[in-house]
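Trainee: what follows is a predicted structure for the sequence shown.
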Amino acid sequence: MARQMDGLAGPRVDFAESEIIVSKTDPKGRITYCNDIFVKVSGYTEAETLGQPHSFIRHPDMPRSVFKLLWDRIQTGQEIFAYVKNRTKSGGHYWVLAHVTPSLDAKGQILGYHSNRRFPKASALAAIEPLYKELRAIEEQPDNRKDGLKAAHDRLNAILQEKGLGYDEFVLSL
């Protein structure tokens, strides 16, 4: 059952730990399937969701550098785990621990992507929120958005290198 809690960036929508948000997209990231939990938590109807780019629920607090990392990984056929803050139809937000995998045909060609999202641990969000805030600040510094994206991506990679972890290992260690 979705429940709302007040947050700093609009109402936060939480969902039960036993619930899994599921969506599928085509290779360009347009939604081809979403489950009832996705509909309930996001506030969008299935009809409003299907055919939309998955990024239509992207919250502005999310660093573009995290999505660059995500797309770089899945477009090469790899899976990824990532914490993601999404925006609801009503302007609120919800956090998820996303597991995104490519869907492949018999020849290994990407047909689309499948994402299962679970409710994140509070301790993980306590670690991820300041990191994402730092990355967003780096992205906004240069006049050129591309330069900001590169600087934040470099910072994220430097943090991972300092920790001696890959991104998935880092995310799952939180």
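Mentor: Right, received. Where do you want to start? Numbers count the residues shown, from 1 in each chain.

Trainee: beta partners of Arg87?
Mentor: Arg87 forms beta bridges with His93, as assigned by DSSP bridges.

Trainee: what of Ile21?
Mentor: Arg117.

Trainee: same thing with Ile80?
Mentor: Going by DSSP bridges, Ile80 forms beta bridges with Val100.

Trainee: so what's it up against?
Mentor: Shown in contact with Ile80 (Cβ atoms under 8 Å, 6 or more residues apart in numbering): Leu69, Leu70, Arg73, Ile74, Ala98, His99, Val100, Tyr167, Asp168. All C-beta atoms are positioned from the backbone trio N, CA, C, and that covers glycine.

Trainee: sec struct for the last one, please.
Mentor: Local secondary structure at Asp168 is given as helix here, using DSSP: H, G, I helix; E, B strand; the rest coil.

Trainee: can you pull the pLDDT of it?
Mentor: For Asp168, the model assigns a pLDDT of 91.

Trainee: hang on, the earlier thing: please produce JSON lines containing the contacts of Ile80, extended by distance to Ala16 and neighbour count.
Mentor: Formatted as JSON lines, these follow (distance: Cβ to Cβ, whole Å; neighbours: other Cβ atoms under 10 Å):
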{"residue": "Leu69", "distance to Ala16": "28", "neighbour count": "18"}
{"residue": "Leu70", "distance to Ala16": "25", "neighbour count": "19"}
{"residue": "Arg73", "distance to Ala16": "28", "neighbour count": "18"}
{"residue": "Ile74", "distance to Ala16": "27", "neighbour count": "21"}
{"residue": "Ala98", "distance to Ala16": "17", "neighbour count": "20"}
{"residue": "His99", "distance to Ala16": "18", "neighbour count": "17"}
{"residue": "Val100", "distance to Ala16": "21", "neighbour count": "22"}
{"residue": "Tyr167", "distance to Ala16": "27", "neighbour count": "18"}
{"residue": "Asp168", "distance to Ala16": "25", "neighbour count": "15"}
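
Trainee: ok, the residues you listed vs Lys150, which is closest?
Mentor: Minimum distance to Lys150 across the contacts of Ile80 is 12.3 Å, recorded for Leu69 (Cβ to Cβ).
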